[in-house]
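Participant: Build me a model:
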Amino acid sequence: MDNCDWCNLSEEDKQFQVYESKSWSVFLSDEQDYIGRCILVLNRHCNSLSELTDDEWDELRNLICKMEACLKTVLGATLCNWSCLMNNFYKESAPNPHLHIHVRPRYDKPIVLNGSTYTDSEFGHHYALNKGAVIPVKDKEEVFSRLKGWLNC
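Facilitator: Numbers count the residues shown, from 1 in each chain. From the prediction side, this is the model:
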């Protein structure tokens, strides 16, 4: 689809792709307000969950299980919050939604990356919107390396 950002990713946009299956691609989010936050993107243009095929649903279920196991194993996540919120697409005058799902790992203990400690200060509560947390590039690359290594072995 010509005017869809997800359908027209550049190679630079794909630099933090940690996994790809037949129907789904997984990207480490630019926003690491929750360490390990990822976005699962359907590989075809689709407007909503209700339009998924049976095969895409099955693959999504398996991918959710795989992602949770990965995030718990390599980063020590306690649980994962999942969201499919398409609201931002409808801020445009001509909305063109592309189905994607966010996963926000949550931690009951601090996580340490390259000597830096990150604490989930809202653990046990809803995730905070617009936290604006920025982590150093080396820490983001460390998260990327851990996830990609586990998911692709």
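Participant: which intervals of this protein have sub-threshold pLDDT?
Facilitator: Applying pLDDT under 70 to the chain picks out residues 1, 130, 132.
Participant: residue boundaries of the helices in it?
Facilitator: For the chain, the helices defined by DSSP state H cover 54-75, 137-151.
Participant: For the nearest residue to P95 once chain neighbours are set aside, give its distance to N47.
Facilitator: Distances taken as CB to CB, 6 or more residues apart in numbering put F89 closest to P95, at 4.7 Å, once the chain neighbours are dropped. The way it works is simple: take the backbone N, C-alpha and C, and place the C-beta from them, glycine included. Distance, F89 to N47, by CB to CB, to the nearest Å: 9 Å.
Participant: For the protein, which segments are assigned as strands?
Facilitator: Taking DSSP state E as the criterion, the chain carries its strands at 17-20, 24-28, 38-42, 79-83, 100-106, 111-113, 116-118.
Participant: was I right about D33 contacting K140?
Facilitator: No: between D33 and K140 there is no contact under CB atoms under 8 Å: 11.8 Å.
Participant: coming back round to it: any chance of the helices of the chain in a markdown table, plus mean neighbour count and distance to L28?
Facilitator: A markdown table is the format used below for the helices of the chain (neighbours: other CB atoms under 10 Å; distance: least, CB to CB, whole Å):
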| stretch | mean neighbour count | distance to L28 |
| --- | --- | --- |
| helix 54-75 | 16 | 11 |
| helix 137-151 | 17 | 5 |
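Participant: wait, which of these is closest to T117?
Facilitator: Counting by CB to CB, T117 lies closest to helix 137-151 out of these; the figure is 10.5 Å.
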